[in-house]
Structures are given as structure tokens and as C-alpha cells.
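Participant: could you look at this predicted model? Sequence included:
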Amino acid sequence: MQCPQCGVDLKLMEYESAFIHSCEGCGGEFLGPAELTHIVKTREQRFPVQLQELLADRKPEFGVPAEETQRDLPCPQCSSPMQVINYCGDSGVFVDRCSQCNGLWLDHEELEKIQVLLERWKDQAPEQMKALAGDLEKARRATAERTSSVFAGSRFAFVNALINRFLDAA
């Protein structure tokens, strides 16, 4: 396999117990979705503080900016054209995905960015859920109060109509 960016032969290497193809020329990496899922779930690799700080305040970013779609890379595995996607739909890390073999091309440091973001989001999730729990409970109670009076009236009307039908039929 050759790098779709610079044409250098990709080297098979092991990264966090998964095998990926890496380019020594541009630093890009090619891997399958199963390998990426495994890497994201594995937390062996430690990342430089600079990279963590760079991504610390990143907010969800949706869609793919037009400038990210300007290149047409062929899949290193099957040569089909790859499409740019926003990894996880909102990460702001734009990777190239082959629609034929589902292979993923990640430019230099995109794999590390994905790992840092997902690990941080996973670490922060319990705290964020606790913070939202009170608001969710208030909303649930308010909804229950609003709907209980609506359903109480409609149940009465339904039961009343049902009784009247029985009486009319008798």
C-alpha cells in the first residue's frame, strides 16, 4: 500500500495492540474502523501536555468545512475515492473514509487528537451527568405535572362516555 498523500510505501506497525499502516513521509495513518475502535478504547498511550492543552477547550463542531473537502484522496487499500467526515459527527477532527472498504486515512496527529478528545470527554461525562441530573429531574416533574391534569380530564371524559354508551345500549 502507498500513502495517498505523498506516495511513500506504508509500513505496518503495532499501535496500542492494533495493527495500522503508517507513512514515514507525511506521518499519516491508514486503519480500519475496528482498529480505531480498539485504539480509542485502549488507554496505553500518553500524550504531550501541549496537545492536551490545544484540545482542552474544544467544543463540539458539526459538519465539514468546505476547505476540508477540496482534496480527493484514493484509498490506499482499494483505490476508491475517500470522503471527508467529521469523526464522531462533532469532534472537529476531519478524517478521510473509504465508502467501499471503510478504511480510514488520518493525517499527521489526527489519531492522537481523536484519542485525547474521546478520553477527555469520557473522563468528564460522569461529572457532567451529575450536573445535569437536577435539571433533568426538574424537567421530568414539570412535565408530569402538566400532563397529569390533561390526562385526568381526558380519562374522566372517556369513562363517562363509556358508561353512557352502556346505559344507552341497555
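Facilitator: Now that the structure is in, tell me what you want to look at. These numbers come from a predicted model, not from an experiment.
Participant: list the buried residues of stretch 20-35.
Facilitator: Using 16 or more other Cβ atoms under 10 Å as the test for burial, stretch 20-35 gives 20-23, 27-32, 35. Every C-beta, even on glycine, is put in place using the N, C-alpha and C of the backbone.
Participant: tell me which of these is nearest to Glu67?
Facilitator: Checking the buried residues of stretch 20-35 against Glu67 by Cβ to Cβ gives Gly28 as the nearest, at 18.0 Å.
Participant: show me what contacts that closest one?
Facilitator: By Cβ atoms under 8 Å, 6 or more residues apart in numbering, the contact list for Gly28 reads 3-5, 22, 105-108.
Participant: make it 10 Å
Facilitator: Going by Cβ atoms under 10 Å, 6 or more residues apart in numbering, Gly28 touches 3-6, 8, 10, 21-22, 73, 76, 96, 105-111.
Participant: hmm, which two among the buried residues of stretch 20-35 are most spread apart?
Facilitator: Going by Cβ to Cβ, the pair spanning the buried residues of stretch 20-35 furthest: Gly27 and Gly32, at 19.0 Å.
Participant: just the contacts of Gly28: which are in helices?
Facilitator: 110-111 (DSSP state H).
Participant: buried members of the contacts of Gly28 into ChimeraX, please.
Facilitator: Buried residues within these, by 16+ other Cβ under 10 Å, are selected in ChimeraX with:
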select :3,4,5,10,21,22,73,76,96,105,106,107,109,110,111
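Participant: which stretches in this structure count as strands?
Facilitator: Taking DSSP state E to define them, one finds strands in the chain at 11-15, 18-22, 29-31, 82-86, 94-98, 104-106.
Participant: now render the ones you listed as a markdown table, adding distance to Arg146 and mean pLDDT.
Facilitator: What follows is the strands of the chain, written out as a markdown table (distance: least, Cβ to Cβ, whole Å; pLDDT from 0 to 100):
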| stretch | distance to Arg146 | mean pLDDT |
| --- | --- | --- |
| strand 11-15 | 53 | 94 |
| strand 18-22 | 50 | 95 |
| strand 29-31 | 50 | 96 |
| strand 82-86 | 37 | 92 |
| strand 94-98 | 43 | 93 |
| strand 104-106 | 46 | 95 |
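Participant: so where is the chain shaky, pLDDT-wise?
Facilitator: For the chain, the stretches flagged by pLDDT under 70 are 44-45, 47-49, 51-56, 125, 148-155, 170.
Participant: tabulate the buried residues of stretch 20-35 (JSON lines), appending distance to Phe156.
Facilitator: Shown next, in JSON lines, are the buried residues of stretch 20-35 (distance: Cβ to Cβ, whole Å):
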{"residue": "Ile20", "distance to Phe156": "65"}
{"residue": "His21", "distance to Phe156": "69"}
{"residue": "Ser22", "distance to Phe156": "70"}
{"residue": "Cys23", "distance to Phe156": "72"}
{"residue": "Gly27", "distance to Phe156": "70"}
{"residue": "Gly28", "distance to Phe156": "68"}
{"residue": "Glu29", "distance to Phe156": "65"}
{"residue": "Phe30", "distance to Phe156": "66"}
{"residue": "Leu31", "distance to Phe156": "62"}
{"residue": "Gly32", "distance to Phe156": "60"}
{"residue": "Glu35", "distance to Phe156": "60"}
